[in-house]
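Student: sequence and predicted structure, then a few things I'm wondering about:
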Amino acid sequence: MYLISTFENLLIIWAITLDSHLHTPMYFFLINLSFSDICLTSTPVPKMLMNMQSQKRVITFEGCIMQMQFFKVFAGLQKFLLVMMAYNCFVAIRHSLHYTCIMNPPHSVFMVVVSWILIPLHALFKD
């Protein structure tokens with residue numbers, strides 16, 4: 001399942017980057033969502049595979065905390081990217097004539113960069 005999920009997300013990223021017609025803000029957010037999904041599913045898998053290979057089911061406290069932090073970061077990032085995609089659809093419907101002015105490429109990149117900065121800080125200080 002892990003390989004299928006990773007392959008599908010890599011296929012989405014590859015297809016969007018190859019087709020120049022898909023270089024719009026919605027697909028830019030979709031690329032970032034696919035990348036964060038790869039990272040989210042890759043967080044617990046290495047330790048799980050080590051446990052299955054060695055038949056030991058032990059994780060250190062530090063390893064557990066690290067794994068939980070990465071999981072919180074990528075899960076939070078996915079939520080934030082879905083909100084940005086919803087905002088993109090809202091702007092496309094509500095302000096259709098001003099869509100290209102509001103959702104221009106620098107604005108989309110700014111929104112993603114801010115999410116990559118704020119989400120780890122939020123995950124660090126939450127709980």
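Tutor: Ah, there it is.
Student: I figured residue 6 hits residue 40, correct?
Tutor: No - applying CB atoms under 8 Å as the test, residue 6 and residue 40 come out as separate, 10.8 Å apart. All C-beta spots, glycine's among them, are computed from the backbone N, C-alpha and C.
Student: would you mark the buried spots in the helix or strand hosting residue 70?
Tutor: For residue 70, the enclosing helix or strand under DSSP states H and E is helix 61-94. Buried residues in helix 61-94, defined by neighbour count with 16 or more other CB atoms under 10 Å: 70, 72-74, 76-78, 80-81, 84-85, 88, 91.
Student: ok, stretch 100-114 next?
Tutor: Buried residues in stretch 100-114, counted by 16+ other CB under 10 Å: 103, 108, 111, 112.
Student: what's the span of stretch 18-34 from first residue to last?
Tutor: Across its full length, stretch 18-34 reaches 15 Å end to end, with CA to CA, to the nearest Å as the criterion.
Student: spit out the contact partners of residue 30.
Tutor: If you count contacts by CB atoms under 8 Å, 6 or more residues apart in numbering, residue 30 has them with 12, 16, 85.
Student: between those residues, which is nearest residue 124?
Tutor: residue 85 (24.8 Å; CB to CB).
Student: so the closest one touches residue 33, yeah?
Tutor: Yes - the pair formed by residue 85 and residue 33 meets the contact definition of CB under 8 Å, at 7.4 Å.
Student: fine, thanks again, bye for now.
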